[in-house]
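# A structural model of the following input is requested.
(2 chains)
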Amino acid sequence: MSAEPPLRDEEIAAILGRLREEVYGRPLSPDHSEPSVAREEAERMWPVSPDRPFLEPPGTRGRARGIALRLPKSLLRRLMRWYVEPAFADQRRFNAAVLRLLDELSARGDASADGRNRGAGDA
Amino acid sequence: MRVGYYSPLPPERSGIADYSALLLPALARRIDVVAARRGRDPNRADVRLYHVGNDPQAHAWILDALRRRPGVLVLHEIGLHELVASLALGRGDPAAYLDAVEREDGPEARLLAEAALEGLVPPLWETRPLDFPLVHDLLERATGVIVHSRFAERRLAERGYRGRIWRIPFPASPPSGAGDAGLSADRFPVVASLGALTYAKRIPQLLEAFARLRRRFPRALLVLAGSGGGSLRLDPRLERLGLARGRDVLDLGHVSGDRFLGLTARADVCVSLRWPTLGETSASVVGALGLGKAVVVTDVGWYAELPDGVVAKVPLGEHEGDLLVATLELLAEDDRVRRGLGEAAAAYARREHDLERSADAYADALREVAGEQAGKAT
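Okay, the predicted model is just below:
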């Protein structure tokens, strides 16, 4: 057990505030990704898969229809998986590679811009 | 005074059903309240209280009831674009959705919505739910609105709503024996993101941060619990980050209320990121505060209203990932900060999220509406 007295709210807020300032003052990690709507959409969509959630139309009738169709849909998916899954796996690898490539290009662009800025500063 | 109470209720899997399961008994100790059954209006009610959120399966019948008889609207989320779109599109009526968008936000918004339906831009309910909240039709039928946060109150006023708004804090469950989390005792830190698993909870960003945390804390474990994980397509994401399902990340799906509490209690840090926000108040965050957990949230919406010494906030932006990792590392390595944050959270939940106070506020608001209606009738 720690014998130290518990931290007060203000002390915790100050510690977290200092951490934020420290992180904001550091160069960005190479793992960081630039936030943008397009990037978020790409991050959301790249792992394409034939396994999609079963959706049901609203209302009692829609729900009953959705439940009734769930079993045949599951069965059909299983029967077709051997055929469609390899193509989806290739597409996922390709999508992930494109995102990595974009990140690398973006990092190279940032590095080259930094170099130019430093050069201009030295001059 | 008799209150007709329209809400999903357990065993329906809905956060609002759980909310009502907590609130209804406390409300029934104060006023005469009768829960409406799906598709049936209580015969005699002086005031009707409608709980609305974005799940079309849970709320379609409540919207229909509100259209028949006005009443007090409890907006658990103030961006209802997904609800309105799901109902119209699910019924095969895209024109009704586009008309609703145009009525509320004009022809330019309609063009955007059309582009979204054609797949040219991401769906508006995913990217801009508060720019186009689609609440106007509901507000027109409301005799007053109950929200849970200042953020929601302010946004409704900004949308031009001039009726009564009551801000009633989201109640936390009274502390009780949490169920067994079923996790090995030697894992540390256990990071948990609990509640429905959606993109808005920024699970991909959390996975990336967790993968970086594991480099310094190889015994770390990430626990995801809640429905909806299938649509996140976790496996290829884990593979890309070098994480293994079962070893590094547990995706438990929907769990019982007891296990949910048990997992929250076992977690060393609870993370609840959010963007875009729908103006919601997170039940899982309120629950984690109540259990005295260190909680990390995104610095937006209601989450931003939580005091700085009570939760750790991560703003959106280019530093989000780095700050999330640094915060998780700090909480993992500094026991004093982690415990201090948890103690501050528990004290805050006792002060601000007390069930009895929330039930009192509901009863007062409903009595006020009943009094006004009686005054108008005489």
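# mind listing what residue B:354 touches?
B:169, B:171, B:172 (CB atoms under 8 Å, 6 or more residues apart in numbering or on different chains). No exception for glycine: its C-beta is placed from N, CA and C like everyone else's.
# Now the last one. Nearest residue, chain neighbours left out?
This points to residue B:172. With CB to CB, 6 or more residues apart in numbering or on different chains as the criterion, residue B:172 has its nearest non-adjacent residue at 3.6 Å, and that residue is residue B:290.
# Quick check, pLDDT for the nearest residue to residue A:59 once chain neighbours are set aside.
Closest residue to residue A:59 apart from its sequence neighbours, by CB to CB, 6+ apart: residue B:60 at 6.0 Å. pLDDT, residue B:60: 91.
# pretty sure the residue nearest to residue B:172 contacts residue B:349?
Yes - with contact defined as CB atoms under 8 Å, residue B:290 counts as touching residue B:349 (4.2 Å).
# wait, which of the contacts of residue B:354 is closest to residue B:150?
For those, the closest approach to residue B:150 (CB to CB) belongs to residue B:169, at 10.4 Å.
# can you count the residues close to that closest one?
Residue B:169 has 18 neighbours, counted by other CB atoms under 10 Å in any protein chain shown.
# would you say it is within a helix?
No - membership of residue B:169 in a helix is not supported by DSSP: H, G, I helix; E, B strand; the rest coil, which gives coil.
# I'd like to know how far it sits from residue B:125.
As for residue B:169, its distance to residue B:125 is 26 Å (criterion: CB to CB, to the nearest Å).
# and what of residue A:113?
Counting by CB to CB, the gap from residue A:113 to residue B:125 is 36 Å.
# Quick check on these two: which one has the bigger neighbour count.
The neighbour comparison of residue A:113 against residue B:125 (other CB under 10 Å) goes to residue B:125, with 24 against 10.
# ok, the more buried one - contacts?
By CB under 8 Å, 6+ apart, the contact list for residue B:125 reads B:79, B:81, B:82, B:85.
# any bit of the lowest-mean-pLDDT helix or strand in chain A sitting next to chain B?
Using mean pLDDT, DSSP states H and E, the weakest-scoring helix or strand in chain A turns out to be helix A:37-45, at a mean of 82. Yes - Helix A:37-45 reaches chain B (CB under 8 Å from any CB of the partner chain) through A:37, A:40, A:41, A:43, A:44.
# any idea of the angle the helix or strand harbouring residue A:118 forms with helix A:37-45?
Following DSSP states H and E, one finds residue A:118 within helix A:59-122. Here the directions of helix A:59-122 and helix A:37-45 differ by 130 degrees (axes from the mean of the first three to the mean of the last three CA atoms, to 10 degrees).
# What ranges in the chain fall below the confidence cut-off?
No chain was given, so I picked chain A. A:1-3, A:31-35, A:121-123 (pLDDT under 70).
# ah, no, chain B please
Those would be B:177-178, B:378, if you go by pLDDT under 70 across chain B.
# how's it carved up into domains?
The domain map for chain B lists B:2-80+B:135-171+B:354-377, B:190-352, with the assignment taken from automatic domain parsing.
# Quick one: closest of these to residue A:24.
domain B:190-352 (5.6 Å).
# First-to-last residue distance for that closest one?
This stretch, domain B:190-352, spans 27 Å end to end (CA to CA, to the nearest Å).
# Point to the residue nearest the middle of chain A.
residue A:43 (4.5 Å; CA atoms, centre = their mean).
# ok, that one touching residue B:207?
No - using CB under 8 Å, residue A:43 is not in contact with residue B:207; the gap is 10.5 Å.
# Please report the distance of the residue nearest to residue B:172 from residue B:174.
To residue B:174, residue B:290 is 8 Å away according to CB to CB.
# Mind giving me the packing neighbours of the helix or strand containing residue B:106?
Element membership for residue B:106 (DSSP H and E) is helix B:94-117. Counting contacts by 3 or more CB pairs under 8 Å, 6 or more residues apart in numbering or on different chains; DSSP states H and E, helix B:94-117 packs against helix B:81-90, helix B:124-127, helix B:136-140.
# and the angle for that helix with helix B:81-90?
Using the same axes, to 10 degrees: helix B:94-117 against helix B:81-90 is 110 degrees.
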